[in-house]
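*Asks:* 3D, please:
(one chain, ligands or ions: 1)
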Amino acid sequence: MGDAPLLRVDDLQLHYQTRQGVVHAVDGIDFELKRNEALVVLGESGCGKSSLAKALMRVLPRNVHHQGGRVHLGDTELTALSDERFRREVQWSRMALVMQASMNALNPVVKVGEQVAEPLRVLRRWPRRQALARAAEVFALVGISTDFMTRYPFELSGGMRQRAVLAMALVAEPELVILDEPTSALDVLTQASIMNALKRVKRELGTSFILITHDVATSSELADRVALMYAGQLVEVSDAERFFSDPAHPYSQMLMASVPKLRQRSRPQAIPGQPPSLFEPPAGCRFAARCPHRFAACSRDPRAIRLAERHRVRCWLHDDTQAGGGA
Ligand SMILES: Nc1ncnc2c1ncn2[C@@H]1O[C@H](COP(=O)(O)OP(=O)(O)OP(=O)(O)O)[C@@H](O)[C@H]1O
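*Replies:* Numbering: from 1, shown residues only. Model prediction:
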């Protein structure tokens, strides 16, 4: 059991119905996450990162056209649970989501400490005093003075509100916390200090994280693993160190070359072209149109190729059966 993954996601799909057609926002995603690991999901705007979080957490809009795949959390198959059981047994207590811009979603007329304590009162039926005492511990862990517990959200800075939302997600000690762009609205110093708070939480509570972001630099601080998303699919899933130093997928390589670095002589390189439409994504490799290495095989969908233990890449260049093809 010891090394069994905490989270296993197999062929996850989430498609939306719109007047223009069906949007394939999440289109066949597989990955695993171990306990106490932080997975950073990177990808440019519109590639489906938030949809992935929503599919995992069942926070779905009304216009879902199709949902598919399996998700296991420990031994529980989440995708087999009814909405009612998922809400009662999983949301907040085993798995929590900090949505994009959620620091603006705190209730303006309820004191912050009461809001952070609420999951314990509702889910665990803890008495108010006990819940507030636990909330105070979590406030300290995420770096807010407990003085702020008796304040209203408008009395807190953006960074403090974001920490309060984080405290609320952590208060019931879920095994997994999903954070969707948790710091993108904040200044760089606040971003860094929230990343430090997350590292502390990971160390002290053993929490696993999925951190969704387009910010390569900030996220590298926390990441044990990286998954790079492109047009609804994961193109590479790898150890963070390997991903940042020696990425394997051409898109990963181009993304890393596009990130400005302090001691870099050459200029950061933009990636020419646009991602494909998610209405009718191409049948073959979705990155092929922008890829300098494309060759004949790319007109077929590249399966996930295993480069090493826990390193998968969705690219024919790394498939031995296609050896010599343009690499
Ligand atoms: N409810 C919805 N109905 C229809 N299309 C949607 C809906 N939500 C998202 N989309 C579309 O699905 C695709 C993926 O969106 P999503 O928000 O998941 O991407 P993202 O990578 O999180 O983007 P960003 O970083 O800009 O938030 C986009 O084309 C988006 O326009």
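
*Asks:* And for Leu166, the neighbour number?
*Replies:* Using other C-beta atoms under 10 Å, the number of residues around Leu166 comes to 27. The way it works is simple: take the backbone N, C-alpha and C, and place the C-beta from them, glycine included.

*Asks:* Repeat that for the one 5 residues further on.
*Replies:* Residues contacting Val171 under the criterion other C-beta under 10 Å number 27.

*Asks:* That one is in contact with Arg134, isn't it?
*Replies:* Yes. Contact criterion C-beta atoms under 8 Å: Val171 and Arg134 qualify, at 6.2 Å.

*Asks:* which parts of the protein sit against the ligand?
*Replies:* Taking C-beta under 6 Å from any ligand atom as the test, the list of the chain residues beside the ligand reads 16, 18, 23, 25, 43, 45-51, 61, 63, 214, 278.

*Asks:* Of those residues, which one scores lowest on pLDDT?
*Replies:* In terms of pLDDT, His214 ranks lowest among these, with 84.

*Asks:* How much space separates that one from Ser157?
*Replies:* 23 Å (C-beta to C-beta, to the nearest Å).

*Asks:* which residue ranges form the helices in the stretch 1-150 of the chain?
*Replies:* 49-57, 83-89, 112-123, 128-142 (DSSP state H, counting those that start in this stretch).

*Asks:* which strands and helices sit next to the next helix or strand after the longest one?
*Replies:* Read it as helix 128-142. Counting by DSSP states H and E, the next helix or strand C-terminal to helix 128-142 is helix 158-170. Counting by 3 or more C-beta pairs under 8 Å, 6 or more residues apart in numbering; DSSP states H and E, the packing neighbours recorded for helix 158-170 are strand 95-98, helix 112-123, helix 128-142, strand 176-180, helix 188-205.

*Asks:* With neighbour numbers in mind, choose between His214 and Ser157.
*Replies:* Neighbours were counted for His214 and for Ser157 using other C-beta under 10 Å; His214 has more, 17 against 12.

*Asks:* Show the contacting residues for that one.
*Replies:* Neighbour list for His214: 42-45, 49, 181, 184 [criterion: C-beta atoms under 8 Å, 6 or more residues apart in numbering].

*Asks:* Mind giving me the PyMOL select for these, buried ones only?
*Replies:* Only the buried entries of these go into this PyMOL selection, using 16 or more other C-beta atoms under 10 Å:
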select buried, resi 42+43+44+49+181
